[in-house]
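Trainee: predicted structure and sequence below. I'll ask about it afterward.
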Amino acid sequence: MNICVIGALGFIGSNLMNELRKTNHMVVGVDDLRFGYESNLESNGVFIEDYNLLDSDFLNDFDCIVFMATSNIIYAMEKPVETFINNSLNALSLFSRYGGKIVYTSTSSVYGNATEIPTTEFADVNCSNAYDTSKRIGEQFLLERGNATILRLSNTFGINQRPENPYCGAIGRMIDRVLHNESIEIYGDGTQTRDFNYVSNVTDAIIKAIELPAIKDPINIASGKEIAIKDLATMISKIINQPTSLKYIPERKIDLTVKRRCLDITRAKKLLGWIPKVSLEDGLKKTIEWHEKENIKKDANS
């Protein structure tokens, strides 16, 4: 298959590119480098900087497009207009120009502060910010358009989630602080829970979605397990085998809004034949090892 990955140098996109290159698929990446890093790729490839310049003739040479684009809630809360332009206006324009199958990475944030735990795909949608609203707009368009599989991701973590990126996820920041002998910052009292899923589990699900016929309704991609943020911090400290203190700081709006997150992954198992193979603990070990190697590289170049 010929595949185009939008957001190919970012955290999840680069992991997907690296995995796709191990298969027989032909892949082209698109990334404007706002959040991506060329060093995320294991080898060089064909890249395009702006997907807005892709015309229908070029796009329709692909069997499938995987759409990532802006994928961070903190960025979206700081820059809501830019988020809507990228995730909604530009995305829908692209989807209109392309006639083939789309695999769309949406977000579990569309559930808001879900009352149904574990949360199924049929739970109420409760969008409250530019990030989840813009992703939901993309979902709605593709549900009407058809020939698309929508994957709702929950708190993905792993290699290539760089701490120097101001929008790095919680796990990347925690690991970096422990490795640099700094306190782990915890928003609020740390009892809020999230459903963390290692990145190779996510790329495995995306590749299955690429290779299978389009599935009409959204599918949760998560671990199916929740953990309190303060317990996660303690787990990271123990794996690194380096005691660290927890520094509690005021809650952000997102911490006040979403108290628990844990997704039901029954549909992913049934429709994609997918299960998360890497546990939270094993994923943390892999991620910590990657951070340690990256720190060695930085020290060597400094």
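Mentor: Structure's in. What do you need?
Trainee: nearest residue to Lys253 other than its sequence neighbours?
Mentor: Excluding its sequence neighbours, the residue lying closest to Lys253 (CB to CB, 6 or more residues apart in numbering) is Met77, at 7.1 Å. C-beta here means a position set from N, CA and C on the backbone, and glycine is covered the same way.
Trainee: and that neighbour, what does it touch?
Mentor: With contact set as CB atoms under 8 Å, 6 or more residues apart in numbering, Met77 has these partners: Asn129, Ala130, Tyr131, Lys253, Ile254.
Trainee: please, which helix or strand holds it?
Mentor: Using DSSP states H and E, Met77 sits within helix 73-78.
Trainee: hmm, who's touching the next helix or strand after that helix?
Mentor: Following helix 73-78 in sequence order, the next helix or strand is helix 80-84 (DSSP H and E). Residues outside helix 80-84 that contact it (CB under 8 Å, 6+ apart): Thr70, Tyr75, Ala76, Asn129, Ala130, Tyr131, Thr133, Ser134.
Trainee: what is the neighbour count of the residue nearest to the last one when sequence neighbours are not counted?
Mentor: Just to be clear, that refers to Ser134. Distances taken as CB to CB, 6+ apart place Asn87 nearest to Ser134, at 3.6 Å, with adjacent residues excluded. Here the number of neighbours of Asn87 (other CB atoms under 10 Å) works out to 25.
Trainee: now for Arg267: which residues touch it?
Mentor: Taking CB under 8 Å, 6+ apart as the test, what Arg267 contacts is Thr120, Glu121, Asp217, Ile219, Asn220.
Trainee: most neighbours among those residues, please name it.
Mentor: The contacts of Arg267, ranked by neighbours (other CB under 10 Å): first place Asn220, 26 neighbours.
Trainee: can you confirm it is in a strand?
Mentor: Yes. Assessed by DSSP: H, G, I helix; E, B strand; the rest coil, Asn220 belongs to a strand.
Trainee: show me what the closest residue to it other than its chain neighbours is bridged to.
Mentor: For Asn220, the nearest residue in space outside its immediate sequence neighbours is Leu263; the separation is 4.2 Å by CB to CB, 6+ apart. When bridges are taken as DSSP bridges, the partners of Leu263 come out as Thr119.
Trainee: distance of Leu263 relative to Lys269?
Mentor: Taking CB to CB, to the nearest Å as the measure, Leu263 falls 12 Å from Lys269.
Trainee: which of those two has more neighbours?
Mentor: Leu263 (30 against 14).
Trainee: tell me which residues in stretch 96-116 are buried?
Mentor: Buried residues in stretch 96-116, defined by neighbour count with 16 or more other CB atoms under 10 Å: 97-98, 100-112, 114.
Trainee: just the buried ones among the contacts of Met77, please.
Mentor: Among the contacts of Met77, those classed as buried by 16+ other CB under 10 Å are Asn129, Ala130, Tyr131, Ile254.
Trainee: all helices of the stretch 1-150 of the chain, in order?
Mentor: 11-20, 56-59, 73-78, 80-84, 91-97, 130-145 (DSSP state H, counting those that start in this stretch).
Trainee: then the stretch 201-302 of the chain?
Mentor: In order along the chain, the stretch 201-302 of the chain carries the following helices (DSSP H, counting those that start in this stretch): 229-240, 253-257, 266-267, 280-301.
Trainee: separation between Lys253 and Thr83?
Mentor: For Lys253, the distance to Thr83 equals 15 Å [CB to CB].
Trainee: Ser134 too?
Mentor: Applying CB to CB to Ser134 and Thr83 gives a distance of 5 Å.
Trainee: Glu211: what's its closest spatial neighbour, skipping adjacent residues?
Mentor: Nearest in space to Glu211, with sequence neighbours left out and distances taken as CB to CB, 6+ apart, is Met1 at 7.5 Å.
Trainee: now do the one you found, the pLDDT please.
Mentor: Looking at Met1, its pLDDT is 93.
Trainee: quick one: contacts for it?
Mentor: Residues touching Met1, when contacts are defined by CB under 8 Å, 6+ apart, comprise His25, Met26, Asp63, Cys64, Ile210, Glu211.
Trainee: likewise for Lys297?
Mentor: If you count contacts by CB under 8 Å, 6+ apart, Lys297 has none.
Trainee: how close does it get to Gly172?
Mentor: In this view, Lys297 and Gly172 are 16 Å apart by CB to CB.
Trainee: next, count neighbours for the closest residue to Gly190 other than its chain neighbours.
Mentor: Residue nearest to Gly190 in three dimensions, not counting chain neighbours: Lys230, with 2.9 Å by CB to CB, 6+ apart. Number of residues near Lys230 (other CB under 10 Å) recorded here: 17.
Trainee: equivalent analysis for Asn165, please.
Mentor: Around Asn165 there are 18 other residues, counting by other CB under 10 Å.
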